[in-house]
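*Asks:* Below: sequence and its predicted model.
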Amino acid sequence: MDIHKPKPWHDWREFLKEIGTIVIGVLIALAGEQAVEAGRHREIVARGEDALADNFGRFVEYTAQIEQEAPCMAARAAELRTILDRAGETRRLPAIAAIPQPYPLPWQIDTWEAMVASGAAPYLPQAKTVLYSRIAMSGVDLYNAATNEWTEWGALRSLSGPARGFSETEEARARDTLARAVEQAGRVRFIAEHTVERIQGTRLLDQKAFDQAAWRGRHPSHPVTMCQAIAADER
């Protein structure tokens, strides 16, 4: 069996040529590995941003919905104020049917948390990371404000029922509850509108997707209960 011994270098030129060949081979291998890794990172980011775009679309939908229902919300609040004004004069609360309640909406931007957990966030430009984080934080603020709004409107349901006496203490408590409900509703709309502006700044939703989401919000699949007047209970 023949054994091929490496040829000795005759001069420094041949030595440097051999070393250069090895270095170039290593660099090519490293570049290929980095390209594969970069492609994997782009894929992770793309999947995360697709999920974010879907979440942002729902956010636009919910914002359009509460904007559409805002006049109804204001009408219900005015109706309740009129009832309380009259009850304050007579010290009797009239028969009141069920008081409409706002429809609960899931405001969270939970896909951002999933994107961070997947390891995609470090591969985003810093400006995008900051913008997505702010939008996600707005989702938390909105959820908290909406929860407070639902709680206050829920407390107002205690006014429903047959005609009965109505003390000054009950009147004061009802007025405070109504004021908080209106305040939280305004807070929800304020945060939602500013968050939608940020969502538009991400450019994850093109104009068609944005318009479609807004249309769905203006035409919800569920009944818009806040647009139903508070009818007197005839019991």
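*Replies:* Sure thing, it's come through.

*Asks:* alpha carbons only for contacts and neighbour counts from here, please
*Replies:* OK.

*Asks:* low-scoring stretches of this structure, by residue?
*Replies:* Low-confidence segments of the chain, defined by pLDDT under 70, are located at 1-42, 232-235.

*Asks:* let's go with 80 and repeat that
*Replies:* 1-45, 118-121, 231-235 (pLDDT under 80).

*Asks:* Please enumerate the helices of this protein.
*Replies:* 12-90, 110-117, 126-156, 168-202, 207-218 (DSSP state H).

*Asks:* Take the ones you listed and write them to a markdown table, including mean neighbour count.
*Replies:* What follows is those, written out as a markdown table (neighbours: other CA atoms under 10 Å):
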| stretch | mean neighbour count |
| --- | --- |
| helix 12-90 | 16 |
| helix 110-117 | 16 |
| helix 126-156 | 18 |
| helix 168-202 | 17 |
| helix 207-218 | 17 |
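
*Asks:* Tell me which of those helices lies nearest to Ile99.
*Replies:* Of all the helices of the chain, helix 126-156 sits nearest to Ile99, with 7.3 Å by CA to CA.

*Asks:* now the closest one against helix 110-117, angle please.
*Replies:* What separates the directions of helix 126-156 and helix 110-117 is an angle of 140 degrees, with axes from the mean of the first three to the mean of the last three CA atoms, to 10 degrees.

*Asks:* Show me what helix 126-156 is packed against.
*Replies:* If you count contacts as 3 or more CA pairs under 8 Å, 6 or more residues apart in numbering; DSSP states H and E, helix 126-156 packs onto helix 110-117, helix 168-202.

*Asks:* Which among those helices is found nearest to Asn55?
*Replies:* In terms of CA to CA, the element of these nearest to Asn55 is helix 110-117, at 6.8 Å.

*Asks:* So which elements touch that closest one?
*Replies:* Short answer (3+ CA pairs under 8 Å, 6+ apart): helix 110-117 packs on helix 12-90, helix 126-156.

*Asks:* re earlier: dump the helices of the chain into a markdown table; add distance to Val224 as well.
*Replies:* Converted to a markdown table, the helices of the chain look like this (distance: least, CA to CA, whole Å):
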| stretch | distance to Val224 |
| --- | --- |
| helix 12-90 | 7 |
| helix 110-117 | 26 |
| helix 126-156 | 15 |
| helix 168-202 | 15 |
| helix 207-218 | 10 |
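
*Asks:* now for those helices, which one comes closest to Ile96?
*Replies:* Between Ile96 and the helices of the chain, the shortest separation by CA to CA is 9.2 Å, and it involves helix 12-90.
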